[in-house]
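[1] give me the fold of what follows.
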Amino acid sequence: MDIVIPNSGWIEAICGPMFSGKSEELIRRLRRAIIARKLVQVFKPAIDTRYSESEIVTHADVRMRSEAVSWAPEILGRLDWRTEVIGIDESNFFGSELVETANQLANCGKQVIVAGLDTDFLGRPFPPMPDLLATAESITKTLAICMRCGNPAKHTQRLVQSEELIVIGSVESYEARCRLCFEPGVPRQEKLNFGSAGLDETSESV
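    Take a look at the predicted model:
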């Protein structure tokens with residue numbers, strides 16, 4: 001027997017590079033839901049143990065209690081079906097199953113808020129975020145600050161040598177870069193000098 005829930009659910013997606021405030025925005029929305037006296041559950045991938053195994057944590061050390069799951073369908077088994085709002089952090093660490101899981105929850109009347117990287121260390125769309133963005137009712141794109149030139153940054157620059165798609169790390173392994181400063185893969189440049197274009201190292205001002 002199918003259960004019909006009259007209230008329509010939806011998906012909100014928060015995406016952008018590392019250090020752009022995605023988790024902070026997710027926590028902000030979840031705290032507002034709690035203030036509104038809605039029942040909230042929060043999930044994160046079990047492989048992300050950078051700051052905590054039982055909390056989602058921003059780079060500014062803002063924390064919220066969460067449940068760690070190994071793969072997206074596990075969320076369904078952990079869910080209290082009285083829950084109204086579901087937060088999922090680091091969505092890019094889940095596989096394609098997250099798309100079906102998020103849509104299943106939304107179809108059951110839940111408000112689902114997902115946050116994650118939209119591009120990988122090579123600048124490619126980072127699954128499953130592209131499909132989540134395509135099915136979401138609301139999308140928020142966050143930008144960081146380029147660590148090389150200070151312009152708005154849309155890319156996550158990997159700083160450590162690895163060809164693996166997923167390498168868990170923070171400031172020691174990644175930095176935000178703008179379109180101009182980004183180097184797909186591991187960077188080779190040591191410095192970008194935008195103020196001396198067309199001048200060689202021996203040029204002097206007159």
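[2] what are the phi and psi values at the closest residue to Ile47 other than its chain neighbours?
    Excluding the flanking residues, the one nearest Ile47 by C-beta to C-beta, 6 or more residues apart in numbering is Phe93, at 6.0 Å. (Glycine included, C-beta is placed from N, CA and C.) The phi/psi pair for Phe93 (degrees, to the nearest 10) reads phi -90, psi -10.
[3] go ahead and confirm Phe93 touches Arg50.
    No - with contact defined as C-beta atoms under 8 Å, Phe93 does not count as touching Arg50 (11.3 Å).
[4] neighbour count winner among the two?
    Neighbour count, other C-beta atoms under 10 Å: between Phe93 and Arg50, Phe93 has more, with 20 against 13.
[5] check contacts around the more buried one.
    Pro45, Ile47, Asp48, Gly116, Ile166 (C-beta atoms under 8 Å, 6 or more residues apart in numbering).
[6] from those, which land in helices?
    Among the contacts of Phe93, no member falls in helices (criterion: DSSP state H).
[7] from these, keep the buried residues only.
    Pro45, Asp48, Gly116 (16 or more other C-beta atoms under 10 Å).
[8] what's the closest non-adjacent residue to the first one?
    Ranked by C-beta to C-beta, 6+ apart and with sequence neighbours excluded, the top spatial neighbour of Pro45 is Phe93, at 3.9 Å.
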